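1. Next one to model:
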Amino acid sequence: MHQENIAALADRVADIRILREHHVWAAADLFGPDGLDDRSRQTRRKFRALMEADALLDAVLLLATNAEPPRSVENISSRAGHWQCCMRHATAGGSHTCTAEHADLAAAVLASLLASFQQPAPARRRTLSHQHDGSSSHEHRH
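-> Numbers count the residues shown, from 1 in each chain. Sure thing, here's the model as predicted:
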């Protein structure tokens, strides 16, 4: 998984109004040749079925649970018209959380998943915000 590809997709997601199917497929491509690991044909079939049903949030959650190490949503909240998603995964020294924010729920979850792969240290947290005026901001919290 190339950090520059993750960062580029994270920037694209930060700049969109709502998550679209091609963004989720792009994220799946970052996870390997078929977007999901080869250990489960059933998981790949489930992902494709979710995408065909336009269940983008469920497809992103499936990517998170099949990431290495697996990610899980710790908290989702909505404040002032923005969704905030906190994702957690195990690390060698314990666990790591990463939070992202977006006006679209599925985009917030995908942004937190992508940000979780960009974190070199457990104490670092990246928040991606999509502003109402069409601009976006990127904040890094330590």
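2. taking the mean pLDDT, what do you get for the helix or strand hosting Leu113?
-> Per DSSP states H and E: Leu113 is located in helix 105-116. Taken as a whole, helix 105-116 has a mean pLDDT of 96.
3. which residues touch that helix?
-> Residues outside helix 105-116 that contact it (CB atoms under 8 Å, 6 or more residues apart in numbering): 6, 9-10, 13-14, 16, 18-19, 23-24, 27, 56-57, 60-61, 63-64, 67, 71, 73, 76, 82-87, 89, 96, 98-102, 126, 128, 130. For glycine as for every other residue, the C-beta is placed from the backbone atoms N, C-alpha and C.
4. Let's see that with 7 Å instead.
-> Identification of contacts with helix 105-116 by CB atoms under 7 Å, 6 or more residues apart in numbering yields 6, 9-10, 13-14, 16, 18-19, 23-24, 27, 56-57, 60-61, 63-64, 71, 73, 83-87, 89, 96, 98-102, 126, 128.
5. What about those residues, which are in strands?
-> 71, 73, 83-87, 89, 96, 98-102, 126, 128 (DSSP state E).
6. which stretches of the chain form helices?
-> For the chain, the helices defined by DSSP state H occupy 3-14, 21-30, 41-52, 56-65, 105-116.
7. what's the angle between the helix holding Leu113 and helix 21-30?
-> Taking axes from the mean of the first three to the mean of the last three CA atoms, to 10 degrees, one finds that helix 105-116 is oriented at 30 degrees with respect to helix 21-30.
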